[in-house]
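> below: sequence and its predicted model.
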There are 2 protein chains.
Amino acid sequence: MNNEPKNKHDFDSAPSLDQARRQLARYSLDVDAQAVLVAARLMEAGAKLGSAAEIHFGRFGLSTGRYRLLAELETNDGELLPSQLADNLGVTRATVTGLIDVLERDGLVSRRKSMQDGRQKAVVLTEAGASKLRDMAPEHFMRLEAMVSSLSLEERSVFLSLLGRVTEGISALTDEKKDVQANSKKR
Amino acid sequence: MNNEPKNKHDFDSAPSLDQARRQLARYSLDVDAQAVLVAARLMEAGAKLGSAAEIHFGRFGLSTGRYRLLAELETNDGELLPSQLADNLGVTRATVTGLIDVLERDGLVSRRKSMQDGRQKAVVLTEAGASKLRDMAPEHFMRLEAMVSSLSLEERSVFLSLLGRVTEGISALTDEKKDVQANSKKR
DNA sequence: GAAAAGTAGTTAGGCACCATACTACGTGCA
DNA sequence: TGCACGTAGTATGGTGCCTAACTACTTTTC
């Protein structure tokens, strides 16, 4: 046909330790290159996983966000308020509105006005929605397992623990001003 | 009253092992819950890190993509072709065009027509661009280091290695059809 | 009981990224 | 020499998420 399909990120990218060292040396910064590398690799892994997940869920006619919403409904007896969904999924209410719009159009969820509170509209998982989750479950979870299949049980445990600690550290990127001088021990 | 994910994702969310187990039990799937948890947590960490990075770079008037482009230019003597940038950054040429548009408007890079090949336009890091990188380097790298400061050197090394293996496994999500088990139904 | 303040959901507009399709230029091959 | 074909960069339109502002409905307060 026409151009190159580039569908598969080669993503060799993988920044190297040397690269990090050179970057730090350029400005004579007293920072551990390994630390910078961890940050860069994690960011890269996150981006890669995110786009892979979109492809994965796309096979079922869903996006990552819409799948997560459906799954969240499923684990809560098939009914939640949009604001609860927003909380549980860690996205804004506005985003939830958008997700529901599409899911409702596709018949996977429906909106039902609440009687107790006229402002609320419960989101309900339809039979089609439950069925969609049921159908995709085997392949979905198999693929997730395959993703980490190269790690032993022990390693998975270690990885989870380390990942958890790094995840907590992410706030270091967003925290208010910290002094950039010699002091690097904070929190 | 602060349970809105404002600019500061509290992101308590953190799916639990029990949650994963329940999900698997619902469909009687023979999948390791720990594996599912690793996948979920990594995806979450990636999303969280991504948005934190946007906030972080936003402080300097940049986005993650634009910063990466500038840094890539810097490590290549301040000059590259858009297609090389796309390759190195792992994004499409179209995305690079957009990044350059903004960076050029802000005076951080400039486009220069190539003389060898009339189709090419080299992207050049301007003095303002180099200066921007220089100015933000201390805070930027300090924050990166702070992010992983709770890990020892040894742990960082382990984490990198495990992360690398998981990253390779991500292709399990996008591969055509897996055959990890005797499973092949629909489609 | 009515204005003020708070809350639920939606709308509007923006950013980053993508796939697709287009223009301009270069190259291979008859 | 000529012209199809490949390649570099760009424009267009779509997705997913965001913030901020809006509407509609409570709840509070006097």
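Looks like it arrived, so ask away.
> low-confidence regions, chain A specifically.
A:1-15, A:176-187 (pLDDT under 70).
> and it, what are its domains?
As assigned by automatic domain parsing, chain A contains the domains A:14-58, A:60-168.
> need those domains in a markdown table (columns: mean neighbour count and distance to B:S150).
C-beta: built from backbone N, CA, C; applies to glycine. Output for these, formatted as a markdown table (neighbours: other C-beta atoms under 10 Å in any protein chain shown; distance: least, C-beta to C-beta, whole Å):
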| stretch | mean neighbour count | distance to B:S150 |
| --- | --- | --- |
| domain A:14-58 | 18 | 11 |
| domain A:60-168 | 17 | 5 |
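> who wins for proximity to DNA strand C among those domains?
In terms of C-beta to the nearest atom of the strand, the element of the domains of chain A nearest to DNA strand C is domain A:60-168, at 3.0 Å.
> tell me if stretch A:40-49 is near DNA strand D.
No. Residues of stretch A:40-49 are not located near DNA strand D by C-beta under 7 Å from any atom of the strand, the shortest gap being 12.8 Å.
> what about the helices in chain A?
All helices of chain A, identified by DSSP state H, fall at A:17-26, A:33-58, A:64-74, A:82-89, A:93-105, A:127-147, A:153-169, A:171-174.
> which strands and helices lie in contact with the shortest one?
Helices and strands in packing contact with helix A:171-174 are listed as helix B:33-58, helix B:127-147; criterion 3 or more C-beta pairs under 8 Å, 6 or more residues apart in numbering or on different chains; DSSP states H and E.
> find the centremost residue of chain A, please.
With distances taken as C-alpha atoms, centre = their mean, A:G50 lies nearest the centre of chain A, 6.2 Å away.
> that older thread, would you list the domains of chain A in TSV and tack on distance to B:L73?
Formatted as TSV, the domains of chain A follow (distance: least, C-beta to C-beta, whole Å):
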stretch	distance to B:L73
domain A:14-58	12
domain A:60-168	28
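> okay, those in CSV with distance to DNA strand C next?
Shown next, in CSV, are the domains of chain A (distance: least, C-beta to the nearest atom of the strand, whole Å):
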stretch, distance to DNA strand C
domain A:14-58, 6
domain A:60-168, 3
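> between the ones you listed, which one is closest to B:K113.
With C-beta to C-beta as the criterion, B:K113 lies closest to domain A:14-58 of those, at 28.7 Å.
> any idea how far that closest one is from the chain center?
Chain-centre distance of domain A:14-58: 17 Å, with C-alpha atoms, centre = their mean, to the nearest Å.
> now swap in stretch A:154-170 and tell me
Remark: stretch A:154-170 is offset 15 Å from the chain centroid, using C-alpha atoms, centre = their mean.
> kindly format the C-alpha coordinates of that stretch as PDB.
C-alpha atoms of stretch A:154-170 as PDB (Å, rounded to 0.1, in the frame of the first residue of the first chain):
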ATOM      1  CA  GLU A 154      10.000 -14.600  44.800                       C
ATOM      2  CA  GLU A 155      11.100 -12.100  42.300                       C
ATOM      3  CA  ARG A 156       7.600 -10.800  41.700                       C
ATOM      4  CA  SER A 157       7.300 -10.200  45.400                       C
ATOM      5  CA  VAL A 158      10.500  -8.300  45.500                       C
ATOM      6  CA  PHE A 159       9.600  -6.300  42.500                       C
ATOM      7  CA  LEU A 160       6.200  -5.400  44.000                       C
ATOM      8  CA  SER A 161       7.900  -4.200  47.100                       C
ATOM      9  CA  LEU A 162      10.500  -2.100  45.300                       C
ATOM     10  CA  LEU A 163       7.900  -0.700  42.900                       C
ATOM     11  CA  GLY A 164       5.800   0.300  45.800                       C
ATOM     12  CA  ARG A 165       8.600   2.300  47.400                       C
ATOM     13  CA  VAL A 166       9.500   4.000  44.100                       C
ATOM     14  CA  THR A 167       5.800   4.800  43.600                       C
ATOM     15  CA  GLU A 168       5.700   6.600  46.900                       C
ATOM     16  CA  GLY A 169       8.800   8.500  45.900                       C
ATOM     17  CA  ILE A 170       7.100   9.900  42.800                       C
END
